[in-house]
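>>> Attaching a predicted model along with its sequence, questions to come.
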Amino acid sequence: MSFVEPQTVDFYLTSPYSCSYLPIQQARSQVLVPGTIPLGSAYDLLIRHGFRRSGPHIYRPRCDHCQACIAVRLPMADFRPNRSQRRCQQMNADLQRRVLEPVFDAEHYALYRRYQSVRHGGCGMDADDSEAYQAFLVASPLRSRLLEWRLEGELVAVALIDLVESGLSAVYTFYSPDYPQRSLGTFAVLEEVELARKRNLSWLYLGYWIADSAKMAYKTRFRPIEAYRDGVWIAI
């Protein structure tokens, strides 16, 4: 199956809305109309052309006056953790990981609410009820998995990943704010790298990166990393 250019598939352009990462900007998104094409292998082609999934929506940024959102991915053949990332792995070697089907879990939801209130209070997601949470992180039109990590039985981190033909897509991660020294967000990415390699996959897709957003700075600490610009993936 070859990639179908966006203009030959049904998409719609959202109305402008406040950007979550650059407050002075108005954002817009190009969104795939549900049911336009079968997903599965089609999503692998879409993600390789800069698209992303959020809940049931497949989209990519299409802002009127800004092109700051850049899709990024890690090449599994070349990625090597740096010294700080190796220390992170060693520090978290005592965590137990499980790979689960994406189903609602009240313990996951409680950790999600706590994470949002501490890390992103006032952004709106800290008020998500269980239905909004399930629509965002449980209901999936793709092959998805939940990863959870526990410390002596205590739930400390959860990540949602999508399984695509060429790689893994890191959809969202949340974790306990009680262990800042463990760098659990970094550790989750390193664990996703391990899973991708075990499956002999080529890429770990990390979503969008914005150079001027402190929240996204961690993504370019993983090297080498590639960015999707002007229709091609290039090393940055």
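Here it is on my side, so go on. Numbering: from 1, shown residues only.
>>> Name the helix or strand for residue 212, please.
Using DSSP states H and E, residue 212 sits within no helix or strand.
>>> which residues sit in contact with it?
Neighbour list for residue 212: 22, 68 [criterion: C-beta atoms under 8 Å, 6 or more residues apart in numbering]. Any C-beta I mention is one placed from the backbone N, CA and C, and that applies to glycine too.
>>> Phi, psi for residue 113 please.
The phi/psi pair for residue 113 (degrees, to the nearest 10) reads phi -60, psi -40.
>>> what's around it, how many residues?
Residue 113 is flanked by 18 other residues according to other C-beta atoms under 10 Å.
>>> How is this protein divided into domains?
For the chain, automatic domain parsing gives the domain ranges 6-67, 73-235.
>>> Any chance of these in TSV with mean pLDDT as columns?
Formatted as TSV, those follow (pLDDT from 0 to 100):
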stretch	mean pLDDT
domain 6-67	87
domain 73-235	94
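>>> Could you tell me how far the spatially most central residue of the chain is located from residue 56?
The structure's the chain has its C-alpha centroid closest to residue 171; by C-alpha atoms, centre = their mean the separation is 2.7 Å. Distance of residue 171 to residue 56, computed by C-beta to C-beta, to the nearest Å: 12 Å.
>>> Kindly report the same for residue 201.
24 Å.
>>> and if you look at residue 20?
For residue 20, the distance to residue 56 - C-beta to C-beta - is 19 Å.
>>> cool, and residue 73?
Going from residue 73 to residue 56 by C-beta to C-beta gives 22 Å.
>>> neighbour count winner among these two?
residue 73 (25 against 13).
>>> for that one, what are its contacts?
Going by C-beta under 8 Å, 6+ apart, residue 73 touches 167, 203, 204, 205, 206, 225, 226, 228, 233.
>>> element containing it?
Going by DSSP H and E, residue 73 is part of strand 70-75.
>>> Give the pairing partners of that strand; include direction for each.
strand 203-209 (antiparallel), strand 226-229 (antiparallel) (DSSP bridges).
>>> what comes up buried for it?
Residues of strand 70-75 classed as buried by neighbour count (16 or more other C-beta atoms under 10 Å): 70, 71, 72, 73, 74.
>>> Please report how far the nearest residue to the last one once chain neighbours are set aside lies from residue 197.
Spelled out, that is residue 74. Nearest residue to residue 74, sequence neighbours excluded (C-beta to C-beta, 6 or more residues apart in numbering): residue 204, at 4.4 Å. Distance, residue 204 to residue 197, using C-beta to C-beta: 9 Å.
>>> elements contacting the helix or strand hosting residue 160?
Assessed by DSSP H and E, residue 160 sits inside strand 154-163. Counting contacts by 3 or more C-beta pairs under 8 Å, 6 or more residues apart in numbering; DSSP states H and E, strand 154-163 packs against helix 106-119, strand 144-151, strand 167-175, helix 184-198.
>>> Tell me what angle that strand forms with strand 167-175.
Calculated by axes from the mean of the first three to the mean of the last three C-alpha atoms, to 10 degrees, strand 154-163 forms an angle of 160 degrees with strand 167-175.
>>> Show residues contacting strand 154-163.
Under the contact criterion C-beta under 8 Å, 6+ apart, strand 154-163 has outside partners 43, 53, 95, 102, 107-108, 111-112, 137, 140, 142-150, 168-176, 178-179, 182, 184, 187-188, 191-192, 195, 199.
>>> Since that was my last question, I'll sign off now.
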